[in-house]
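K.L.:
3D model of this:
(4 chains)
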Protein chains: 2
Amino acid sequence: MINPKNSSISLEVDPELPSRNRTGRGHGRATQATVAKRAGVTTMTVSRFMRSPQLVAPETACRISAALAETGYTPNKQAGMLATGQSSMVAAIIPSIASSIFAESVQGLSDTLQAHGLELLLASTNYSLEREEEQIRAVLGWSPSGLVVTGRRHSPGALSLMRQAQRNGMPVLEIWDHDPTDKAFAQIGFSHRAVGALMATYLVERGYRDVVYVDSGVREDFRAHERGQSFAATAHAAGISVAVYQATSLEPMQAGRLALQALQKTGLPRAMAFANDHLAAGAFMQAFDQGIDIPGKVAMLGFGDFPISSQLGAGLSTVSVKRYDIGRKCAELLLAMQQALKAGRMILPQHEVLQPELVCRSST
Amino acid sequence: MINPKNSSISLEVDPELPSRNRTGRGHGRATQATVAKRAGVTTMTVSRFMRSPQLVAPETACRISAALAETGYTPNKQAGMLATGQSSMVAAIIPSIASSIFAESVQGLSDTLQAHGLELLLASTNYSLEREEEQIRAVLGWSPSGLVVTGRRHSPGALSLMRQAQRNGMPVLEIWDHDPTDKAFAQIGFSHRAVGALMATYLVERGYRDVVYVDSGVREDFRAHERGQSFAATAHAAGISVAVYQATSLEPMQAGRLALQALQKTGLPRAMAFANDHLAAGAFMQAFDQGIDIPGKVAMLGFGDFPISSQLGAGLSTVSVKRYDIGRKCAELLLAMQQALKAGRMILPQHEVLQPELVCRSST
DNA sequence: TAAATTTGTGTTAGCGCTAACATTAACAAT
DNA sequence: ATTGTTAATGTTAGCGCTAACACAAATTTA
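P.N.:
Modelled structure (predicted):
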């Protein structure tokens, strides 16, 4: 077992540590000075060659090239950033890395940033606003060239940090949510109220007069709750019977199974809407195992359009959101904002609205 | 549509850009100098207060505290890193962020690093060794205090970078694989050969005399292939009929369904082992839909023990790997190595071996 | 041919922070 | 009273890089 705290670790140790320079500083890697000496030029010429090779004489360029290869030079980005004030790193804060909900968006973000030579600094909050604030504070220390946060709900401290960052010319973007009345920051997402309404309307139109929304068991999953509230309000307005059931905070599929069992006891509704596909999938499988006919006895509607939904029996109806695109568009908007800022203009926070779509399969 | 390339973006622009300082450098944020002036001390005292408050007089500390709050100072980590040569950032390179295989390990890594005040720089390679090398090169520019890569297979260039980094005193760790003969870098993982053998032995012992390994359709998923080779070799050595079927590179569950359909045409084997649970789940559902009895007609064994496996009907047998722990232990070993390095010792690469376990459910 | 321009490179200073040492004042020990 | 000793703060220099300007040599232009 490894445990740094009580230091019961037995690491094999090599007594010979490579000698560093006399001050004890530096990292032993080649610097521009190393390269410059070898190529017989000054560091400035090396620096110039790195960023705009066409500005140095072909002959010199050749020597520098060789010196670069021989020394295995890698630029020190911290020093570069300190000198230019421009960082090639973007920070993103998401509730959870493991949850497949955000993973694809992060992938889209990462891919698009990488394609433009930017790196991704990632932090997760485990759905805690407090940890979000801490993480924002931590990543801002790296002076990233952009900050991506999840959702519209933040602690006062976090909001203040975000506003300050934005005032100082850092693009700040909220993903996975959209509220047209809130123009404080750029947004890339969709309205969860609209999704809730869409789900309710759909079920009502299909003729179900008795519906339940199975909400996420994660207390801080505000977006799921918002979909649920809107769902309930819409169904209620349509004059049909509606209830919200709170799932447990267990693994989602397990929670879905339990939710179905619990609702069976009080009498199954005619249709169920779920905070996400994984809850729905669990309930779907539970129903299947018990021989409950879907959608004959109970209809089911998920959210997210995860791979499992199209694979479950004859298919789970759901609402599709382009998760990867959220990340991709976020990166694109970020890049556009950076470009504009370089050109000396200040950007007004802009909204990029995605359209969730109903995917009708055989569960409704 | 946003597309920075053909610049058809129409960003709303605010003409008033906040004024920066005359040199055009700097970022507008408060620095230690700002705080120092306000508190009536030098920057050194502020710096000292930030790192070891007990060294400054209570009265001064009080003034600095106030100045910190008033200015909203956030330390510039690049500058700190440049001065100390120590970075609080760890870089991790994984094949895919979206794939749930690695997501949990990254979560474990992130959680544990965060708990120790370290940040995570994340890059993904989409299973390409070439991109891995690029990404390693890119992240090394940030002088992270540790480098985490996935697996034992790397391009020559990548290997050279990793070795160089390690020589310069940066912990380099390989996760998700283990080979006792390869002591070049620290490893946190398990032997995929052992897993392949474990799966084959189990099926043989259960009496299946005719087995197929359904391999991942991702060409560069070397670890899946390695499990497959070992599976085939072990089954062959046990004198039973064995074949390897290459799945398509579609979405895994879909690929699993197709694999079952394809094998049906040439005659179903008595048992199927899969490169991962998602392939298995697809095949499981396909079999279910067609009324093929599991395990009566065909037995199925997955790999990974993902949530879906315990939820599928009566349960999918699989091999469980503690994915989260890989990340957690990786962070712990990293921290231990850092500590040792600080104490002036050089670490010999150490291996942390995890034990995959068979989870027997009703599919075998 | 002299002046104007271009081309290629060097010099200086500074980004924000901290290691190492220097300095001062206050107090204790001889 | 003189000499340590400690506590609290300041000074200097440098981490690796680049903006801004300076300068010489090679070219063009008038």
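K.L.:
end to end, how far does stretch A:126-145 reach?
P.N.:
24 Å (CA to CA, to the nearest Å).
K.L.:
whoops, stretch A:77-92 was the one
P.N.:
Stretch A:77-92 end-to-end distance (CA to CA) = 19 Å.
K.L.:
so for it, mean pLDDT?
P.N.:
For stretch A:77-92, mean pLDDT rounds to 94.
K.L.:
what does stretch A:316-336 give?
P.N.:
Here the average pLDDT along stretch A:316-336 is 97.
K.L.:
got the CA positions of stretch A:160-167 in PDB?
P.N.:
Provided in PDB are the C-alpha atoms of stretch A:160-167 (Å, rounded to 0.1, in the frame of the first residue of the first chain):
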ATOM      1  CA  SER A 160     -16.700  37.200  -8.600                       C
ATOM      2  CA  LEU A 161     -13.600  35.400  -9.800                       C
ATOM      3  CA  MET A 162     -15.200  34.800 -13.200                       C
ATOM      4  CA  ARG A 163     -16.300  38.400 -13.600                       C
ATOM      5  CA  GLN A 164     -12.900  39.600 -12.600                       C
ATOM      6  CA  ALA A 165     -11.200  37.200 -15.000                       C
ATOM      7  CA  GLN A 166     -13.500  38.400 -17.800                       C
ATOM      8  CA  ARG A 167     -12.800  42.000 -17.000                       C
END
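K.L.:
what comes up buried for it?
P.N.:
Under the neighbour-count criterion of 16 or more other CB atoms under 10 Å in any protein chain shown, stretch A:160-167 has A:Leu161, A:Met162, A:Gln164, A:Ala165, A:Gln166 buried. Quick note: C-beta positions are derived from backbone N, CA and C, even for glycine.
K.L.:
got the residues of the stretch 201-350 of chain A near chain B?
P.N.:
Residues of the stretch 201-350 of chain A found near chain B (CB under 8 Å from any CB of the partner chain) are A:251-254, A:257, A:278, A:281-282, A:285, A:288-289, A:307-308, A:310-313, A:324, A:329, A:332-333, A:335-337, A:339-340, A:344-348, A:350.
K.L.:
filter those residues down to the ones close to DNA strand C.
P.N.:
Subset of these in contact with DNA strand C: empty, counting by CB under 7 Å from any atom of the strand.
K.L.:
pLDDT score for the closest residue to DNA strand C within the stretch 151-300 of chain A?
P.N.:
For the stretch 151-300 of chain A, the residue closest to DNA strand C is A:Asn168, as judged by CB to the nearest atom of the strand, at 10.6 Å. According to the prediction, A:Asn168 has pLDDT 87.
K.L.:
with secondary structure added, can I get the buried residues of stretch A:160-167 in JSON lines?
P.N.:
Formatted as JSON lines, the buried residues of stretch A:160-167 follow (DSSP: H, G, I helix; E, B strand; the rest coil):
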{"residue": "A:Leu161", "secondary structure": "helix"}
{"residue": "A:Met162", "secondary structure": "helix"}
{"residue": "A:Gln164", "secondary structure": "helix"}
{"residue": "A:Ala165", "secondary structure": "helix"}
{"residue": "A:Gln166", "secondary structure": "helix"}
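K.L.:
can you narrow those to ones near chain B?
P.N.:
Among the buried residues of stretch A:160-167, chain B is touched by A:Gln164 when using CB under 8 Å from any CB.
K.L.:
dump the buried residues of stretch A:160-167 to CSV, plus distance to DNA strand D.
P.N.:
Shown next, in CSV, are these (distance: CB to the nearest atom of the strand, whole Å):
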residue, distance to DNA strand D
A:Leu161, 25
A:Met162, 27
A:Gln164, 24
A:Ala165, 22
A:Gln166, 23
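K.L.:
just put the buried residues of stretch A:160-167 in CSV and tack on distance to B:Leu82.
P.N.:
Conversion of the buried residues of stretch A:160-167 to CSV gives the following (distance: CB to CB, whole Å):
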residue, distance to B:Leu82
A:Leu161, 23
A:Met162, 26
A:Gln164, 23
A:Ala165, 22
A:Gln166, 26
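K.L.:
A:Thr34 belongs to a helix?
P.N.:
Yes: assessed by three-state DSSP, A:Thr34 belongs to a helix.
K.L.:
list the contacts of it.
P.N.:
A:Thr71, A:Tyr73 (CB atoms under 8 Å, 6 or more residues apart in numbering or on different chains).
K.L.:
wait, A:Ser124 sits on A:Ser96?
P.N.:
Yes: using CB atoms under 8 Å as the test, A:Ser124 is close enough to A:Ser96 to be in contact (5.7 Å).
K.L.:
between those two, who's got more neighbours?
P.N.:
Set side by side, A:Ser124 and A:Ser96 show more neighbours around A:Ser124, with 26 against 19, by other CB atoms under 10 Å in any protein chain shown.
K.L.:
list the contacts of that one.
P.N.:
A:Ser124 touches A:Ile93, A:Ile94, A:Pro95, A:Ser96, A:Ile97, A:Gln135, B:Gln107, B:Ser110, B:Asp111, B:Gln114, counting by CB under 8 Å, 6+ apart.
K.L.:
which residues does it form beta bridges with?
P.N.:
With DSSP bridges as the criterion, A:Ser124 is bridged to A:Ile94.
K.L.:
all helices of the stretch 151-300 of chain A, in order?
P.N.:
Secondary structure of the stretch 151-300 of chain A by DSSP state H, counting those that start in this stretch: the helices cover A:156-167, A:192-205, A:222-237, A:252-266, A:277-289.
K.L.:
quick one on the thing from earlier: between the contacts of A:Ser124, which is closest to B:Ala39?
P.N.:
A:Gln135 (27.5 Å; CB to CB).
K.L.:
can you count the residues close to that closest one?
P.N.:
Neighbourhood size, A:Gln135 [other CB under 10 Å]: 25.
K.L.:
show me what contacts it?
P.N.:
A:Ile93, A:Ala123, A:Ser124, A:Thr125, B:Gln114.
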